[in-house]
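Colleague: Provided below for reference: sequence and predicted model.
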Amino acid sequence: MLKSKTFVKKTRSGGVLKVVREHYLRDDIWCGSEVCTECKQDSTVLQRDACIESSLCPYPHYLVPDTNVVLHQIDVLEDPVIRNVIILQTVLQEVRHRSAPVYKRLKDIIHEQGRHFYTFTNEHHRETFIEREPGESANDQNDRAIRVAVKWYSQHLKTPESGPDGLKVVLLTNDQGNKLKAEETGVVVYKFDEYIKSLIGNPELVDCLALSNDDKNEITSSKVLFPEHLPLSKVQAGIKSGSFLQGTFRASRDNYLEATVFVQGEGEDSTEVLIQGLQNLNRAVHQDVVAVQLLPKNQWVAPSSVVLQDDGAAKDDNVDEDEEEKVLTGALTETARRATGKVVGIIKRNWRPFCGMLNVSQIKESTRHLFTPADRRIPRIRIETRQASTLAGQRIMVAIDGWPKDSRYPNGHFVRSLGAAGEKDTEEEVLLLEHDVPHQAFSQAVLSFLPKMPWSITPEDMAQRQDLRHLTVCSVDPPGCTDIDDALHCRELENGKLEVGVHIADVSHFIRPGNALDKEAANRGTTVYLCGKRIDMVPELLSSNLCSLRSNVERFAFSCIWEMNHKAEILKTRFTKSVINSKASLTYAEAQMRIDDANKNDDITESLRGLNKLAKILKKKRIENGALTLSSLEVRFHMDSETHDPIDLQTKELMETNSMVEEFMLLANISVAQKIYEEFPESALLRKHPAPPPSNYDILIKAAKSKNVMIHTDSAKALADSLDGAKVDGFQYFNTLLRILATRCMMQAVYFCSGMDSDFHHYGLASPIYTHFTSPIRRYADIIVHRLLAVAIGADSTYPDLMDKHKQSALCNNLNYRHKMSQYAQRSSVAFHTQLFFKTRGILNEKGFVLFVRKNAIIVLIPKFGLEGTVFFDSKDKASPNLVFDEEGPTLKVEQHTFHIFDQVKVTISLDDSNIQHQKIRMALIEPVVRTT
């Protein structure tokens, strides 16, 4: 049967267009139930014996949730207890339209066979299709469609033998109006929370319920603590007129009463608005998109230098705010003031489930508790739970439901427990969840696109590639590396010139555009390396086997081959898809030993020596052009083979061979960048490193000045030269400290699409153009670059998304985000393992250097462990010493002693695990001795 929907819409030119859509209705859409005798279905999803123990529904029953239940209670629906659920097409479409993350989670449940979730296409079934009535809103129509479908199911599944205890279909809703209308038509209907509370065997599910509006009103006080948020219409009008600014809210890690709103301007321009005080923060949560109003200039303030954490007792809603915010006020110099504003409305919430721990209420038998998130930028959340005693000491996940204007904290609900706090597996899980690192096992859909084993190279493959198996190719990597992306060779040609090749794993041969494997890799963006663990971007069969350029096996490669003279000048460059057979997989140390051993003269060693000689010339040239050599301390843990706990910790030493590999990777990346930009000026994926704004260097210049050293920052070359000449007699570590500080001044390097930007320069490498080509096993950007290069040399065909600069740009945004989060996750992993290391060490005394000076603390770097920590001078439990902070220096005078940046100090290091969630390395000063009077 054919129905037609007719509607008119306005065109861009102002005309009116009549649109007629055909809508087919069918009789052969099955109900999916084992009970049914009418539908001629091949397979069923809904079980005959659909029993969930419920005091409200003691009979077998199927559940039909409405749209709002799915949107707000997905945490409950994900629990394996909830089975035999009918998801109507009306509901599925509306969820898809309103929340992509919830839609994805719902689809995942539907695909789980053991859950018996069935999608029923009610809008195409002759008996459940409804037409919109005159004056009926889209929302009311959807509600009616759901009621009609439930009524149809109830009658359709009624059999003569189904008495009062026979199978029923139960509608679950939170909408009182919808419930009353459903009852009038004789449908079995319950409010979602009353149904969940009726489950006899699963009382813990009640904790996962998102709060309804009635509950939210119950647990707040009558005192209004925050200004009302403006409605979206007023916010949009204000942004349009310029009286409000739209930006991303970024809470401070160090001070819970302070945040900045990052406002993206035209092109590269952006501004930051400072927000201070609870009223002005007005219930915004980290990463929300908010509307801010600038305060009058005479109310502008400076960022606070005080470190403030909301870790006191749970504050009541009638807390004296002035008391809380007194600490923010400080002496204000005119120059330090920044544009300051207040949040007037929320445009888009960025709430996700947060990891953290429960602060169990002091009141006995209380079900209301405060939850402290692991991320200090997220406020504490008030939740209701009856299992507080079980959850104490566990890491749990909690979601925010809302933040009323009369509540000091947002309200939320319990999602799930992750395990005991402090345990390695639990903490690793928290770390991955908090940094949004996709780490679930690869799905069957993804794995189905892997090559079938046993895999081998066929004659057809060889016909399309250059055979380079005869070359003396070898790889040089860190110890234990199984995902080998790159291999090198160097040989002398008959004409006396040198041939140098960089051979990169040909991952794009195995990952074809647009399939499930490609989409998964694009979403993950990068492999994440934690201490002792790797979260792969592509399945292990590729990362550690078929793509990995291991020794003595034939592998596909994408080769970049140069002809050079002995001065390392490039005479010719060519790119080719190839087959190689690596002759050795070496570590940096092994390669270094071969180069240094005068008795070794085999082909591999000669190739390495040739590469090393050229690399030194290339590096010298790069540095002459103004490339920066910066420093950051990398730590390496030695793990116990049984317990996998760290037993030793040392900073990584770099050898000549590290530099050798790096030089050729840089050269290959630059050569490829030039080629793909030449061929595709609008859609090349490149990488740039913006020059930092001059103010970023203030701290570096001040630090060097304190030791009478001048640093010039007009250009990268000027900075590089000043750093090379920066020396202080009797202080050999000074130059390294300066380079560590210079690294902190830098901007983040980012991927971008050439057609969407005009500034390509890479500041750190002093290169006019750059990309990533050399690590496709662990970076998705390199896969795209491989595809672009393959099209450029005619080795592969193109596809629409590759040439679409807007899609490339959106992809770059995701890659930049994943890359940044992976770096943060790595740092957190190092921090956690450092804590494990110090847990068994007791108290250690070590020498360190002052890196930064704050109002009430100094930040100290311990070179031996590559560790940073804060020494506070004001503590809650004893009288504070007399502190004088001079911002110009910057210096901090504590009683009679003045601290400058780079001062040498001696500290005790121990693990402070008094707060199990935020365990931290505690540092206390031994030398110089600061006496309090």
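Modeller: Perfect, thanks for sending it.

Colleague: For the stretch 351-500 of the chain, which segments are assigned as strands?
Modeller: 354-359, 368-373, 381-384, 394-402, 411-420, 466-467, 474-477, 486-492, 498-505 (DSSP state E, counting those that start in this stretch).

Colleague: Can you point out the buried residues in the host helix or strand of residue 610?
Modeller: Assigned by DSSP states H and E, residue 610 belongs to helix 603-624. Buried residues in helix 603-624, counted by 16 or more other Cβ atoms under 10 Å: 604-612, 614-615, 618-619, 622-623. Every residue, glycine included, has its C-beta placed from N, CA and C.

Colleague: before we move on, back to that, can you redo the strands of the stretch 351-500 of the chain as a markdown table with mean neighbour count and distance to residue 861?
Modeller: Converted to a markdown table, the strands of the stretch 351-500 of the chain look like this (neighbours: other Cβ atoms under 10 Å; distance: least, Cβ to Cβ, whole Å):
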| stretch | mean neighbour count | distance to residue 861 |
| --- | --- | --- |
| strand 354-359 | 23 | 29 |
| strand 368-373 | 20 | 28 |
| strand 381-384 | 24 | 35 |
| strand 394-402 | 22 | 30 |
| strand 411-420 | 20 | 32 |
| strand 466-467 | 14 | 50 |
| strand 474-477 | 23 | 29 |
| strand 486-492 | 21 | 33 |
| strand 498-505 | 24 | 36 |
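
Colleague: how is the chain carved up into domains?
Modeller: What the TED database lists as the domains of the chain is 44-209, 222-307+336-350, 351-421, 444-679, 842-927.

Colleague: now for these, which one comes closest to residue 790?
Modeller: Residue 790 lies closest, by Cβ to Cβ, to one member of those: domain 444-679, at 6.6 Å.

Colleague: Pipe the strands of the stretch 351-500 of the chain into a markdown table and attach distance to residue 447 per row.
Modeller: Listed next are the strands of the stretch 351-500 of the chain as a markdown table, based on distance: least, Cβ to Cβ, whole Å:
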| stretch | distance to residue 447 |
| --- | --- |
| strand 354-359 | 28 |
| strand 368-373 | 34 |
| strand 381-384 | 37 |
| strand 394-402 | 27 |
| strand 411-420 | 26 |
| strand 466-467 | 31 |
| strand 474-477 | 26 |
| strand 486-492 | 26 |
| strand 498-505 | 19 |
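
Colleague: I'd like the ones you listed laid out as a markdown table, including mean pLDDT.
Modeller: Converted to a markdown table, these look like this (pLDDT from 0 to 100):
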| stretch | mean pLDDT |
| --- | --- |
| strand 354-359 | 87 |
| strand 368-373 | 87 |
| strand 381-384 | 88 |
| strand 394-402 | 89 |
| strand 411-420 | 88 |
| strand 466-467 | 93 |
| strand 474-477 | 91 |
| strand 486-492 | 92 |
| strand 498-505 | 94 |
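
Colleague: Of all the ones you listed, which one is nearest residue 83?
Modeller: strand 411-420 (18.0 Å).

Colleague: Determine the set of other helices and strands touching the closest one.
Modeller: helix 74-77, strand 381-384, strand 394-402, helix 424-434 (3 or more Cβ pairs under 8 Å, 6 or more residues apart in numbering; DSSP states H and E).

Colleague: Including distance to residue 17, could those go into a markdown table?
Modeller: Shown next, in a markdown table, are those (distance: least, Cβ to Cβ, whole Å):
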| stretch | distance to residue 17 |
| --- | --- |
| helix 74-77 | 38 |
| strand 381-384 | 49 |
| strand 394-402 | 41 |
| helix 424-434 | 48 |
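
Colleague: nearest to residue 245, of these?
Modeller: With Cβ to Cβ as the criterion, residue 245 lies closest to strand 394-402 of these, at 24.4 Å.

Colleague: Can you list the strands that that closest one pairs with?
Modeller: According to DSSP bridges, strand 394-402 forms sheet pairs with strand 354-359 (antiparallel), strand 411-420 (antiparallel).

Colleague: of all the ones you listed, which lies closest to residue 868?
Modeller: Going by Cβ to Cβ, the one of the strands paired with strand 394-402 nearest residue 868 is strand 354-359, 23.5 Å.
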